[in-house]
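In: I'd like to go over a predicted model; first the sequence, then the structure.
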Amino acid sequence: MIGVLFILSLAYLIRLGYRSFSQKGHCNKGCSCSSVDLKKIEKELSQKQL
């Protein structure tokens, strides 16, 4: 029984991680957060260095 619970919780965490990294725009929770955009961060850092 504990093994089944562990597998289900692991599948849930993998699904959450996949959805957060695979989306380009906002998440579906409506909290106005967005996934990490590394190109945007890199551009902002290079502008600050100039």
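Out: Everything's here; your move.
In: use CA for all of it now, contacts and neighbours both
Out: Will do.
In: count of neighbours near Ile14?
Out: Residues lying near Ile14 (other Cα atoms under 10 Å) number 12.
In: If you could redo that for Arg19, that was the one I meant.
Out: 14.
In: How about the secondary structure of Ile41?
Out: helix (DSSP: H, G, I helix; E, B strand; the rest coil).
In: Tell me where the longest helix sits in the protein.
Out: Using DSSP state H, we find that the single longest helix of the chain is helix 2-22.
In: Next, the buried residues of it.
Out: Using 16 or more other Cα atoms under 10 Å as the test for burial, helix 2-22 gives Ser20.
In: what about that helix, average pLDDT?
Out: Mean pLDDT, helix 2-22: 86.
In: Using CSV, write out every CA atom in it.
Out: The C-alpha coordinates for helix 2-22 follow below in CSV (Å, rounded to 0.1, in the frame of the first residue of the first chain):
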residue,chain,number,x,y,z
ILE,A,2,2.8,2.4,0.8
GLY,A,3,4.5,1.5,-2.5
VAL,A,4,1.4,2.5,-4.4
LEU,A,5,1.2,5.8,-2.5
PHE,A,6,4.9,6.5,-3.2
ILE,A,7,4.5,5.8,-7.0
LEU,A,8,1.4,8.0,-7.2
SER,A,9,3.1,10.9,-5.4
LEU,A,10,6.3,10.5,-7.5
ALA,A,11,4.1,10.6,-10.7
TYR,A,12,2.4,13.8,-9.4
LEU,A,13,5.7,15.5,-8.7
ILE,A,14,7.1,14.6,-12.2
ARG,A,15,3.9,15.9,-13.8
LEU,A,16,4.2,19.2,-11.9
GLY,A,17,7.8,19.6,-12.9
TYR,A,18,7.2,18.8,-16.5
ARG,A,19,4.3,21.2,-16.8
SER,A,20,6.3,24.0,-15.1
PHE,A,21,9.3,23.7,-17.4
SER,A,22,7.4,22.9,-20.6
